[in-house]
Every structure is written in C-alpha cells, then in structure tokens.
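Colleague: sequence unknown, structure follows:
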C-alpha cells in the first residue's frame, strides 16, 4: 500500500480558535514539516462584480467557497503533488492576482469554518476536529480581527454578524459537529484537550511511518 500524507481537518465557528489549534499542532509536529492550508483562501473571485455587490457577499455560506478547486488541490497534495493556492484580498472583497506555491508534505493540516460541509472533503480527512467555543467569545474575537486586520468598521462587523454569520453558523457549522472525531471545547484555551489532540495526531503520524 502506497504511503499517503496524514490529513487533519480543523473546523468550528468564526473566532472559535481553529487557527490557534492548527498552529499548536504544527509546532508539535514540526519534525514532520507539516503544512497548513486554510479553506478561506478559496473564496470565489468577485473581480467582475462592482464593490457595492462584493461587500454584500455572504462569506459564511458554502456557496462562497470554490470547493471544486479546494478538493482538487487537496487531492493533489494527497498524491504528493505541489499546488498553487489562491490569495484572497479581504479589503477588496475578491481574489488577488497572486498565488502561493505549496509543496507536498507528510502532514497536512486544513482549517475552515465550512470544512465539514462537503462530503468529498470529509472523506479525505484522516482526523476531523471541531473547535467548540461560546458564541460571545467568538464574536469578540471576530470583531477584533476584522477591525484590526481586515479594514472593517465596528458597525459593519456587527451588522454582518447578525445578518449572516450567526444564522449561517447555526445552519451550516454547528450541525457538522456530528462528523468530528474530536471536539475541543473553548478553543485554544483548553490546553488539556489540545494536548490529547496532539497525542492522537502524533500516534497517527507514527502509524503512517511504520
């Protein structure tokens, strides 16, 4: 049987601490030179739309993701083939002209709010992790991130949260918890759960290497 990379998927609501957990995994598995692939760079290109339409995009709906390309890139990486992934410009609400070249690795960590929605993605994942964090904490984190890093206003973030983020979370994110192999309560603050996750991931890596 041909060797294949270990593919770990991490999902949870916006601001749940997915990236914190992902980076902790990368640090713990550094000897295996893991790569991190984030689903949200696959938001669809909107360059042909006027800005007033772009700003209305519902980024929390599965249709906002170019899932076919995401799946195709994952399948290439699973065959130890390099990929060129897109770059998303959040200030302009569309995809950048740039791409990022990603070389294959023995351990691939993918994270995204909508990661478990598509069966094709779920079927590729060797370990599925759901980061489960209180709504209020997730909103505060999102508010801080979007105002500091993505050029959004406080009013705009609140409006978006109430109009799309919260209802889309209830419709498309929370129900996918049932697919998880491991649930991490309280995100990156739960060091006990993260340590258990690390141990499981290390055991799976060692099994693949045998």
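Modeller: Good, I have the coordinates. Every value quoted in this text rests on a predicted model; they were computed, and no experiment measured them.

Colleague: please pull out the lowest mean pLDDT helix or strand from the protein.
Modeller: The helix or strand of the chain with the poorest confidence is helix 191-209; it has a mean of 83 (mean pLDDT, DSSP states H and E).

Colleague: so which bits of that one are buried?
Modeller: Within helix 191-209, the residues that count as buried by 16 or more other Cβ atoms under 10 Å are 193, 194, 197, 198, 201, 205. Placement of C-beta: from N, CA and C, glycine included.

Colleague: quick check, nearest of the residues you listed to residue 91?
Modeller: residue 194 (31.9 Å; Cβ to Cβ).

Colleague: tell me the spacing between that closest one and residue 179.
Modeller: Distance of residue 194 to residue 179, given as Cβ to Cβ, to the nearest Å: 20 Å.

Colleague: after the longest strand anywhere in the chain, which helix or strand is next?
Modeller: Looking across the chain with DSSP state E, the single longest strand is strand 94-102. For strand 94-102, the succeeding helix or strand toward the C-terminus, using DSSP states H and E, is strand 107-111.

Colleague: that following strand versus strand 94-102: what angle between them?
Modeller: Counting by axes from the mean of the first three to the mean of the last three Cα atoms, to 10 degrees, strand 107-111 points 170 degrees away from the direction of strand 94-102.

Colleague: got a list of what the nearest residue to residue 118 once chain neighbours are set aside touches?
Modeller: Spatially, and ignoring its direct neighbours in sequence, residue 118 is nearest to residue 67 (5.3 Å; Cβ to Cβ, 6 or more residues apart in numbering). By Cβ atoms under 8 Å, 6 or more residues apart in numbering, the contact set of residue 67 is 42, 118, 120, 121.
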